[in-house]
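S.K.: got a sequence here, can you model it:
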Amino acid sequence: MVNILIPTDLSDLSKIAVQYAFKIANKLEGTVTLLHVVSIIQPTRASMRLQLKSLEDDLVATAKEDLEIFVKDVSKQLKTSEPLKVKVVKGTTFNDTVLREAKKLRTGLIVMGTRGASGLKKYVLGSNTASVIEVSHVPVLAVPELGEFKSFKNILYATDLRHTHRELKTLIPYLEKFGATVHLLHVTPSLKEVAALEKKIDAIVTKAGITNVTCKVIVNKNIEEAIDYYVAESKVDLLTMFTHDVNFYEKLFNRSVTRKMAFHSKIPLLAFRQK
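M.R.: Numbers count the residues shown, from 1 in each chain. Below you'll find the model as predicted:
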């Protein structure tokens, strides 16, 4: 059983994430909680805090009304009469509030929608989904706006081979729950390295004890392009990647491949943060 948290801004994109999460919960006999965050900026002057308290209460009340309408609409689409758990909470930042509530609810999975972006939007502006992926130690499933749930029979695991054994151990419970085959993919810019990399991957997979696995090394200087190619060729149901700490310049230009793929991928992306 898994507790699934869905941060929602009450948009149509959020509805897709809710539908997706609900179907996953049915598969795993899990629970679903919708979370709407009302962002509050705390003033430095005490006198202003009293004035804003009334406004905060009004914002929360309006958010609860809007969320109730949202839930009724989603329930019709899901064709379910079961009540969905909902929470409206106040917070100074979206990320901190989501992580705080995830901890309170002992969340095992966060599900969020994501809309494709390009150019400067993709690299600079970011999104709530990409920012949560960057900081959350709870796995985050990013569902594209045209996402349609399929049972995860084929899961693509894109790896840089730095922590592959540990990451495979993290993936195994998910593979077992869905009876999935894992497609282990590594992208290298050099054709000369392919044979050595394939040998290294075979040793890692043998050590991990995974049998339902397909391994592939692709030569390409563009990692995103290589992943897109494999997704199209193999028709996998889910892309999974692991994030890692980045330095100042990587943060500035958002060069993390995982965070880029949250915008770019045409299939859902399941992101784990390396500890």
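S.K.: what ranges do the strands span in the stretch 1-150 of the chain?
M.R.: Along the stretch 1-150 of the chain, counting by DSSP state E, counting those that start in this stretch, strands occupy 3-7, 31-39, 85-91, 109-114, 140-144.
S.K.: let me know the angle separating the first one from strand 85-91.
M.R.: With axes from the mean of the first three to the mean of the last three Cα atoms, to 10 degrees applied, the angle from strand 3-7 to strand 85-91 works out at 50 degrees.
S.K.: about what we covered before: now the strands of the stretch 1-150 of the chain in a markdown table, with mean neighbour count, mean pLDDT and distance to Cys215?
M.R.: Glycine gets a C-beta too; all of them are placed from N, C-alpha and C. Listed next are these as a markdown table, based on neighbours: other Cβ atoms under 10 Å; pLDDT from 0 to 100; distance: least, Cβ to Cβ, whole Å:
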| stretch | mean neighbour count | mean pLDDT | distance to Cys215 |
| --- | --- | --- | --- |
| strand 3-7 | 24 | 93 | 31 |
| strand 31-39 | 19 | 89 | 35 |
| strand 85-91 | 16 | 87 | 41 |
| strand 109-114 | 26 | 91 | 26 |
| strand 140-144 | 26 | 89 | 24 |
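S.K.: for the stretch 1-150 of the chain, what are the low-confidence residue spans?
M.R.: For the stretch 1-150 of the chain, the stretches flagged by pLDDT under 70 are 41-54, 81-83, 116-126, 147.
S.K.: where do the helices of it begin and end?
M.R.: Taking DSSP state H, counting those that start in this stretch as the criterion, the stretch 1-150 of the chain contains helices spanning 12-28, 46-78, 94-104, 119-120, 128-135.
S.K.: who wins for proximity to Ala158 among those?
M.R.: Nearest to Ala158, of all the helices of the stretch 1-150 of the chain, is helix 128-135, at 14.3 Å by Cβ to Cβ.
S.K.: quick check, Thr129 in contact with Leu141.
M.R.: No. Assessed by Cβ atoms under 8 Å, Thr129 is found out of contact with Leu141, at 9.6 Å.
S.K.: how does this protein divide into domains?
M.R.: Domain assignment for the chain, taken from automatic domain parsing, gives 3-144, 154-273.
S.K.: and for Thr129 and Leu141, which residues touch both?
M.R.: Met112 (Cβ atoms under 8 Å, 6 or more residues apart in numbering).
S.K.: wait, what's in contact with Leu84?
M.R.: 18, 32-34, 71, 74-75.
S.K.: which residues does the residue lying closest to Lys87 once chain neighbours are set aside contact?
M.R.: Spatial nearest neighbour of Lys87, excluding adjacent residues (Cβ to Cβ, 6 or more residues apart in numbering): Leu35 at 5.1 Å. Contacts here follow Cβ under 8 Å, 6+ apart; on that basis Leu35 touches 5-8, 86-87, 89, 98, 101.
S.K.: redo the residues you listed as TSV? Include distance to Ala25.
M.R.: Converted to TSV, these look like this (distance: Cβ to Cβ, whole Å):
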residue	distance to Ala25
Leu5	11
Ile6	10
Pro7	16
Thr8	15
Val86	15
Lys87	16
Val89	21
Val98	18
Glu101	17
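S.K.: just flag the most distant two among those.
M.R.: Farthest-apart pair in the contacts of Leu35 is Val86 and Val98; separation 14.6 Å (Cβ to Cβ).
S.K.: shouldn't Lys207 be in contact with His165?
M.R.: Yes. Using Cβ under 8 Å, Lys207 makes contact with His165 at a distance of 6.2 Å.
S.K.: any common contacting residues for those two?
M.R.: Both Lys207 and His165 lack any common contact, where contact means Cβ under 8 Å, 6+ apart.
S.K.: returning to that earlier point: which of the helices of the stretch 1-150 of the chain sits most buried?
M.R.: Stretch with highest mean neighbour count among the helices of the stretch 1-150 of the chain: helix 128-135 (a mean of 21; mean count of other Cβ atoms under 10 Å).
S.K.: which elements pack onto that helix?
M.R.: helix 94-104, strand 109-114, strand 140-144, helix 257-264, strand 269-273 (3 or more Cβ pairs under 8 Å, 6 or more residues apart in numbering; DSSP states H and E).
S.K.: tell me the contacts of Val205?
M.R.: 168, 184, 213, 215 are the contacts of Val205 under Cβ under 8 Å, 6+ apart.
S.K.: count the residues that sit near the first one.
M.R.: Applying other Cβ atoms under 10 Å, we find 21 other residues in the vicinity of Leu168.
S.K.: sweet, I'm off.
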